[in-house]
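Novice: Model the structure of this input:
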Amino acid sequence: MADLKAVMRALSKGMPVREIERKLGLSRRSISVYRDRAEASGRSFLELSQADEAELYAVLCKENTHRNRDEDRYAFLQEHLEEYAQRMTRKYMTYEILYYEDYCKQTDNPYGYTQFKLMVKEYQKNHDYKFHNRYEPAEEMQADFAGDPLWVTDRETGEHIRADVLVCVLPFSMMCFVIAMLSTKMENFFHGLNKALKYFGGVPDRVKSDNMSQWVKKYDRYEPSLNEAAMQWAVHNGTEMENCRVKKPRDKGPVESLVMQVYNYFYSRIMNYGPGGGHEVFFSIQELNARLQELNEEYCQEIMKSHGYSRAAKYEEEELPYMKPLPPTPYAFKYVKEFKVPNNYHVAIDGAKYYSVPCQYVGQKARAVYDAETIEIWVDFQRVWTHTRMYKDDYYTIPEHMPEKHRAYANTKERNAAYYIRMAGYVGPQTREVVENILTSKPFVQQAYKACDGILRMARQYGDARMEAACSRIEPKRAANYGMVRNILERGLDTDAMYGADASAPYIPANDNVRGPEAYQ
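Specialist: Purely as a prediction, here's the structure:
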């Protein structure tokens, strides 16, 4: 408005348009338009320069003037803009469909598509009113899941496992808490809320989220039906539950804003500062949450430039004193599964994840009570074992739960050549040399494992001294096998070496029939 008065004063002094353009930085076209409108009003430039702002604006600035607008089609569009803006809120509606299917069929003199879209967008922007919520200390906590996941890497297979991120915030101080989980099922969701309350060190008056299934069983704008678990969680913590209106993200604006901050602060560091400038690698959900906790501390302690203090400082000074105390124990959301212990002494939990039960309870009725972290096995009101909850489909077997024969068989499957050489070395150098030659005598080393098992068994049966004596009788060692060692021990030939016979006499006398590898070249 000051520019308009300056233009009128300059014109009243007879200043040329070019000089006004140079001094005020306005275009000659705009100055000429203001001059022509002033002259058309019948009032002098000096009089207009002394008029109030509203009067001057009414003379020099005319509403709805555009060279491509004529009064009729502009008036028609203005009359229907509210209707078109409302239709654009419908699901799958596009400006193109709105233009060709509605607007063009309603008028014979339409604007072009680009001009129509521009005017509808301008109307939407000017009528998109935002209400500013004021929050009191300890009044509310808001919770929501981030749309983009993070990833945990399976150490054995390299498979990437999705981890969803729960974001919680106290709107008054903007103090936040971020946690990842491998499943968004109710036991994990409420476990995450428990962790948030523990981190904040208190309970707010109410907790708000959208209409997620973990929260709301049936939505109604005026009387939503919360699920039983949510109500129990609220009662346990002494707080109230509140849900947002459907498709109204601004009902929980602070947590929506924090999700964007999590992307910009947390995700950007995790995604770009790993090995080689790539994604940081986490081999367990615990590792990922430890990193998120580290970033959460940094974010909450960071000084906000626009305020001069950190979120943590404002929370501790102005909000924490008003938080309700935490309950003595956190709320535990647990599932119960009753089953009969099968012959393979494993129970299936959450799909194809099998957890072992002590084998002596096969055929008996049992219960599995589990939450986000642990699985308890109960038999006859007695807890017989507690497993850590896993999230990869597999068998999770405790060796003590297996029958002795199964445990022995499982041990053989875990053995390798190094194991047999090490165990033979405990018996003596002669036994070790025999075992080494047996392992190298087969095309595939696994074919020699049973023979090595037999030799170690005989060492326990006959004793280390006799096994060493028996192995010392075998020359050359490359001819050794399980049957040869067994024959020496069963026939007592090893005792000749132990009790006075010539120990240097080989079990196989020297003859031309013993051939080495050179005979096959």
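
Novice: who's in contact with the residue nearest the centre of the chain?
Specialist: In the chain, the residue lying closest to the centroid (Cα atoms, centre = their mean) is residue 163, at 2.7 Å. By Cβ atoms under 8 Å, 6 or more residues apart in numbering, the contact list for residue 163 reads 149, 150, 151, 152, 180, 181, 182, 285, 288. C-betas here are computed from N, CA, C, even on glycine.

Novice: which one's the longest strand in the chain?
Specialist: strand 160-170 (DSSP state E).

Novice: Tell me, what's the model's pLDDT at the residue nearest to residue 106 when sequence neighbours are not counted?
Specialist: Using Cβ to Cβ, 6 or more residues apart in numbering and skipping residues adjacent in sequence, the residue nearest residue 106 is residue 80, 7.3 Å away. Looking at residue 80, its pLDDT reads 88.

Novice: Would you agree residue 80 falls within a helix?
Specialist: Yes: counting by DSSP: H, G, I helix; E, B strand; the rest coil, residue 80 falls inside a helix.

Novice: Is it in contact with residue 105, as I believe?
Specialist: No: with contact defined as Cβ atoms under 8 Å, residue 80 does not count as touching residue 105 (12.0 Å).

Novice: Disregarding flanking residues, what is the spatial nearest neighbour of residue 184?
Specialist: Nearest to residue 184 is residue 164, by Cβ to Cβ, 6+ apart, at 5.2 Å.

Novice: What about that neighbour, how many residues nearby?
Specialist: Burial of residue 164 is recorded as 19 neighbouring residues (other Cβ atoms under 10 Å).

Novice: dump the residue contacts of it.
Specialist: Residue 164 touches 145, 146, 149, 180, 181, 182, 183, 184, counting by Cβ under 8 Å, 6+ apart.

Novice: Look up phi and psi at residue 368.
Specialist: Note on residue 368: its backbone torsions stand at phi -110, psi 120 [degrees, to the nearest 10].

Novice: Roughly how far does the spatially closest residue to it that is not a sequence neighbour sit from residue 329?
Specialist: Leaving aside its sequence neighbours, residue 368 sits nearest to residue 337 (Cβ to Cβ, 6+ apart; 4.5 Å). Applying Cβ to Cβ, to the nearest Å, the value for residue 337 to residue 329 is 23 Å.

Novice: Wait, a helix at residue 242?
Specialist: No: assigned with three-state DSSP, residue 242 falls outside any helix and is strand.

Novice: check contacts around it.
Specialist: 140, 206, 207, 208.

Novice: The residues you listed, buried ones only, as a ChimeraX selection?
Specialist: In ChimeraX, this line selects whichever of the contacts of residue 242 come out buried by 16 or more other Cβ atoms under 10 Å:
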select :140,207,208
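
Novice: Helices along the stretch 301-450 of the chain, start to end?
Specialist: 311-314, 404-414, 417-427, 429-440, 449-462 (DSSP state H, counting those that start in this stretch).

Novice: Quick one: those helices as TSV, columns for distance to residue 20 and mean pLDDT too.
Specialist: As requested, the helices of the stretch 301-450 of the chain are exported to TSV (distance: least, Cβ to Cβ, whole Å; pLDDT from 0 to 100):
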stretch	distance to residue 20	mean pLDDT
helix 311-314	52	92
helix 404-414	93	69
helix 417-427	94	87
helix 429-440	101	90
helix 449-462	100	89
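
Novice: can you redo those as CSV with mean neighbour count?
Specialist: Listed next are those as CSV, based on neighbours: other Cβ atoms under 10 Å:
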stretch, mean neighbour count
helix 311-314, 19
helix 404-414, 11
helix 417-427, 16
helix 429-440, 20
helix 449-462, 17
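
Novice: Can you lay out the ones you listed as a markdown table showing distance to residue 199?
Specialist: Below are the helices of the stretch 301-450 of the chain laid out as a markdown table (distance: least, Cβ to Cβ, whole Å):
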| stretch | distance to residue 199 |
| --- | --- |
| helix 311-314 | 11 |
| helix 404-414 | 41 |
| helix 417-427 | 47 |
| helix 429-440 | 56 |
| helix 449-462 | 52 |
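
Novice: out of the ones you listed, which comes closest to residue 172?
Specialist: helix 311-314 (8.0 Å; Cβ to Cβ).

Novice: got the contact list for that closest one?
Specialist: Contacts for helix 311-314 (Cβ under 8 Å, 6+ apart): 173, 174, 175, 176, 299, 300, 301, 302, 304, 307.

Novice: again, 7 Å this time
Specialist: The contact list for helix 311-314 (Cβ atoms under 7 Å, 6 or more residues apart in numbering) reads 173, 174, 175, 300, 301.
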